[in-house]
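S.K.: Take this sequence and fold it.
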Amino acid sequence: MGESLRTRLERAVFNWYPAYLATGGRVTHIEDDWSEVRIKLPLSWRTRNVVGTLFGGSLYSAVDPFYMIMLFRRLEDSYVVWDKAASIQFRKPGTETLYATFEVPDGEVEQIETELADSDSVDREYDIDLVNADGKVHARVEKTVHVSTDERKRA
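M.R.: Sure, this is the predicted structure:
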């Protein structure tokens, strides 16, 4: 499927949005249907900590918003999507550019909608690995995203 003109423009806006720009991360790809997003986090003067490795705050903040935004984009307007919880595990110091890929396949969206047919809300857990160019994991972020029906829109 790939990126469309619309998602290329959204990627550009996202990369210049002040809150995300401050993380040091860069969105490198947004699939047309928002089923996949890829980012990179370079080691630079903006992301380097006092010992010369990637700052933990940059590692987390560069991956923070994506699953919530992806689910918000992929689900209908009748759902409310919020980040609920997160944790990060540092595996090895980030001494080079790191990358992350976020995926919300069609089956995931269908499963959420099926669960919400019988319940007012559901929590979904996602793991995001920040890896180097060789695929070695430097950090893992665990995110919990809360999805609920929006009763105000059903009336």
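S.K.: Touching, Phe55 and Leu43? I think so.
M.R.: No. Contact between Phe55 and Leu43 fails when scored by Cβ atoms under 8 Å: they sit 9.5 Å apart. (C-beta placed from N, C-alpha, C; glycine too.)
S.K.: Test for you: state the pLDDT assigned to Glu151.
M.R.: Looking at Glu151, its pLDDT reads 62.
S.K.: Report the contact partners of the residue most central in space within the chain.
M.R.: Residue closest to the average C-alpha location in the chain (Cα atoms, centre = their mean): Phe66, at 2.3 Å. Phe66 makes contact with Val37, Ile39, Phe102, Ile128, according to Cβ atoms under 8 Å, 6 or more residues apart in numbering.
S.K.: Adding distance to Arg140 and pLDDT, write those out as a markdown table.
M.R.: Compiled in a markdown table, the contacts of Phe66 are given as follows (distance: Cβ to Cβ, whole Å; pLDDT from 0 to 100):
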| residue | distance to Arg140 | pLDDT |
| --- | --- | --- |
| Val37 | 17 | 98 |
| Ile39 | 15 | 98 |
| Phe102 | 13 | 98 |
| Ile128 | 7 | 98 |
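S.K.: Could I get the full set of helices for this structure?
M.R.: 5-16, 18-21, 56-63, 66-74, 106-118, 151-154 (DSSP state H).
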